[in-house]
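Trainee: Provide a 3D model corresponding to the input given below.
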Amino acid sequence: MRTTRLLPALMGLVLLIGSAMPAAQTLGEKERFTAIAMVNNTRASGSGIVQIDINRWSTSSERATLLNTLQKQGAAKLLDALQDMRPVGTIKTPDSLGYDLRYANQTPLPEGGRRIVIATDRPIGFWEAAHRPRTIDYPFTVIQMEIDKDGKGKGTLSYATKIIPAGDTIVLENFDTSPIMLTEIKAEAHT
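Mentor: Numbering: from 1, shown residues only. Now for the predicted structure:
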């Protein structure tokens with residue numbers, strides 16, 4: 001099991017511990033991000049292409065709902081609130097069906113470009129739901145990307161993750177894996 005502590009300022013602005021400052025969002029333009037996903041842990045290694053389509057950005061109201069739920073009711077209820085949200089886009093590989101993303105937020109970076117955080121519930125297969133192994137306790141997928149002003153960047157994808165509130169910090173606990181590194185990210189408008 002691996003735990004990643006994220007800076008309060010970073011997560012305060014972009015994930016669920018929102019600040020009073022509204023997040024910078026596009027005016028509804030759809031965007032596609034393609035990246036090379038690099039997996040390197042004790043169980044598997046390799047790389048492949050991942051495609052993330054954002055059809056809309058999460059609203060301030062949606063961010064506030066998630067924040068309120070996490071702070072007052074905890075991560076289990078956060079999962080319920082996230083699952084109730086209207087999808088913001090999809091994620092897929094070339095040989096898979098896409099699955100829905102539930103939260104997408106972007107904030108500007110001081111040197112230009114932007115930081116993007118995407119969160120969703122993790123797909124749970126029939127066997128996992130029926131047998132309820134320990135992985136069932138890691139229901140979130142969190143993607144973090146930094147995109148420069150030219151639309152290129154890098155990031156991470158944490159697939160089987162717990163979101164744990166810890167004071168003014170959020171802790172992402174990954175089930176026995178390191179985050180998947182996203183390299184050669186390219187952003188483009190899509191229809």
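
Trainee: all strands for this protein, in order.
Mentor: 2-5, 31-40, 45-54, 89-92, 99-101, 103-108, 114-121, 140-147, 152-166, 169-174, 180-189 (DSSP state E).

Trainee: now these in CSV, with distance to Gln83?
Mentor: Using the backbone N, CA and C atoms, a C-beta is placed for each residue, glycine as well. Formatted as CSV, those follow (distance: least, CB to CB, whole Å):
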stretch, distance to Gln83
strand 2-5, 23
strand 31-40, 23
strand 45-54, 19
strand 89-92, 15
strand 99-101, 9
strand 103-108, 11
strand 114-121, 5
strand 140-147, 11
strand 152-166, 13
strand 169-174, 18
strand 180-189, 22
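
Trainee: nearest to Asn68, out of these?
Mentor: strand 152-166 (12.0 Å; CB to CB).

Trainee: Ser60: which of the strands of the chain is closest?
Mentor: Across the strands of the chain, closest to Ser60 is strand 103-108 (CB to CB), at 9.7 Å.

Trainee: tell me which residues of that closest one are tucked away?
Mentor: Neighbour counts over strand 103-108 (16 or more other CB atoms under 10 Å) mark Tyr103, Ala104, Asn105, Gln106, Thr107 as buried.

Trainee: where does the chain have its least confident helix or strand?
Mentor: helix 8-14 (a mean of 32; mean pLDDT, DSSP states H and E).

Trainee: avg pLDDT for stretch 51-69?
Mentor: Summarised as a single mean, pLDDT over stretch 51-69 is 91.

Trainee: which positions within it qualify as buried?
Mentor: Buried-residue list, stretch 51-69, by 16+ other CB under 10 Å: 51-58, 62-63, 65-67, 69.

Trainee: how near is the residue lying closest to Ile143 once chain neighbours are set aside to Ile180?
Mentor: Spatial nearest neighbour of Ile143, chain neighbours left out: Ile118 (4.1 Å); criterion: CB to CB, 6 or more residues apart in numbering. Between Ile118 and Ile180 the distance is 13 Å, computed by CB to CB, to the nearest Å.

Trainee: in terms of neighbours, single out the busier of these two.
Mentor: Ile118 (26 against 22; other CB atoms under 10 Å).

Trainee: correct me, but the more buried one touches Ile52?
Mentor: Yes. Judged on CB atoms under 8 Å, Ile118 makes contact with Ile52 at a distance of 6.9 Å.

Trainee: residues that sit against both of those two, list them.
Mentor: Taking CB atoms under 8 Å, 6 or more residues apart in numbering as the contact rule, Ile118 and Ile52 both touch Gly89, Ile91, Leu101, Ile143.

Trainee: what is the burial count for the last one?
Mentor: Spelled out, that is Ile143. Neighbours of Ile143 (other CB under 10 Å): 24.

Trainee: does it touch Gln106 like I think?
Mentor: No. Look at Ile143 against Gln106 with CB under 8 Å: they stay out of range, at 11.8 Å.
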